[in-house]
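Q: following is a predicted model, sequence given first.
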Amino acid sequence: MKFLKLAAIGAALIAASTVAQAGATFDSVKKKGFVQCGTNTGLAGFGAPDSKGVWSGLDIDMCKAFAAAMFGDPTKFKVTPLTAQQRFTALQSGEVDVLVRNTTQTMTRDTSLGLIGVAVNFYDSQGIMVRKDSGIKSAKELNGATICVQPGTTTELNLADWFRANKLSFKPVVIEKLDEVVGAFVAGRCDAYTTDKSGLASSRSSQAKPDLYAILPEDFSKEPLGPLVRQGDEQWLNVIRWSFNAMVEAEEYGITQKNLDEMLKSTNPNVQRILGVTPGMGKNLGVDEKWAYNIIKAVGNYGESFERNIGKNTPLRLERGLNQQWTKGGIMYAWPIR
């Protein structure tokens with residue numbers, strides 16, 4: 001009996017410790033009054049500043065969503081631009097609260113860095129881009145080619161794996177900064193440039209003559225991209241996870257920026273829970289009951305954010321593809337807010 005009592009006390013202490021740790025980032029963000037987002041150094045459509053220094057993109061909309069959930073104000077976030085090599089250290093050290101930087105979720109990253117993937121806001125694959133005048137139609141024609149690539153990424157490993165599996169050789173040109181590696185490719189320092197296909201489309205759209213470049217058909221890998229947080233911060237993880245799920249589920253139920261207030265009158269219990277008409281979800285997260293309402297008011301649902309930043313009517317011209325709702329042939333499937 002004494003042993004059982006001691007075990008119970010020990011379990012209670014562990015639970016208390018876990019709760020305290022779980023709220024560390026949440027409490028820190030609340031106290032300082034803004035979310036510090038680690039982002040790309042400038043990837044059009046996902047996270048890049050305009051001529052006035054105002055950041056926008058699919059990943060930046062996520063930062064706005066987190067700020068809207070926490071503070072009811074989508075402007076209460078700050079950006080820390082990070083290279084691929086800087087990003088994990090910045091999150092581990094507490095320099096940023098969340099990494100929203102087209103980062104691939106992998107087992108190694110989840111289990112060896114003290115970090116954890118929260119959600120996937122873009123399902124991607126790795127590809128390779130060449131100049132059209134090279135006449136190259138397939139990556140299998142690149143035997144012996146020089147290929148520009150950034151260090152500290154899964155891209156390096158996938159490239160080596162794919163070429164080895166296809167009994168081909170290549171010479172890597174490794175450059176850390178995004179603008180410099182793209183510049184090297186455009187300047188002809190390498191025969192091809194490889195990264196996630198969304199990144200290739202973004203870099204191509206930023207060129208004066210984007211039609212000079214072709215993205216080859218091969219997919220080198222699966223690249224589920226999404227935000228990461230530190231392990232042990234469960235309360236903060238929940239805010240990040242459910243902010244994204246709210247955007248995806250809002251699209252599923254037809255809730256948009258335009259009809260948001262009208263949808264407050266909906267009799268659908270799912271819509272009522274999402275928008276806080278039926279209370280409880282906000283309390284569970286430790287935020288206002290209108291947390292999801294504030295997110296949708298700020299950035300719209302997931303589909304609106306996608307089309308505004310990277311969709312078919314933007315310079316990137318990306319189709320929804322796998323990032324379409326599960327009800328329409330894609331694999332975007334929100335966890336239910338209930």
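A: Looks like it arrived, so ask away.

Q: off-centre distance for the host helix or strand of Met70?
A: Here Met70, judged by DSSP states H and E, is contained in helix 58-71. The chain centre lies 12 Å from the centre of helix 58-71; the measure is Cα atoms, centre = their mean, to the nearest Å.

Q: do the same with stretch 191-210
A: Using Cα atoms, centre = their mean, the offset of stretch 191-210 from its chain centre is 18 Å.

Q: CA atoms only: put it into PDB for me.
A: Presented in PDB, the C-alpha positions along stretch 191-210 are these (Å, rounded to 0.1, in the frame of the first residue of the first chain):
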ATOM      1  CA  ASP A 191      23.300  22.300 -65.000                       C
ATOM      2  CA  ALA A 192      20.300  21.900 -62.700                       C
ATOM      3  CA  TYR A 193      18.800  23.000 -59.400                       C
ATOM      4  CA  THR A 194      16.900  20.800 -57.000                       C
ATOM      5  CA  THR A 195      14.600  21.400 -54.100                       C
ATOM      6  CA  ASP A 196      10.900  20.800 -53.400                       C
ATOM      7  CA  LYS A 197       8.800  21.300 -56.500                       C
ATOM      8  CA  SER A 198       6.900  24.100 -54.800                       C
ATOM      9  CA  GLY A 199      10.200  25.800 -54.200                       C
ATOM     10  CA  LEU A 200      11.200  25.300 -57.800                       C
ATOM     11  CA  ALA A 201       8.000  26.900 -59.000                       C
ATOM     12  CA  SER A 202       8.500  29.800 -56.600                       C
ATOM     13  CA  SER A 203      12.100  30.400 -57.700                       C
ATOM     14  CA  ARG A 204      11.000  30.200 -61.400                       C
ATOM     15  CA  SER A 205       8.200  32.700 -60.900                       C
ATOM     16  CA  SER A 206      10.700  35.200 -59.400                       C
ATOM     17  CA  GLN A 207      12.800  35.300 -62.600                       C
ATOM     18  CA  ALA A 208      12.500  38.000 -65.200                       C
ATOM     19  CA  LYS A 209      11.800  35.200 -67.800                       C
ATOM     20  CA  PRO A 210      10.300  32.300 -66.000                       C
END
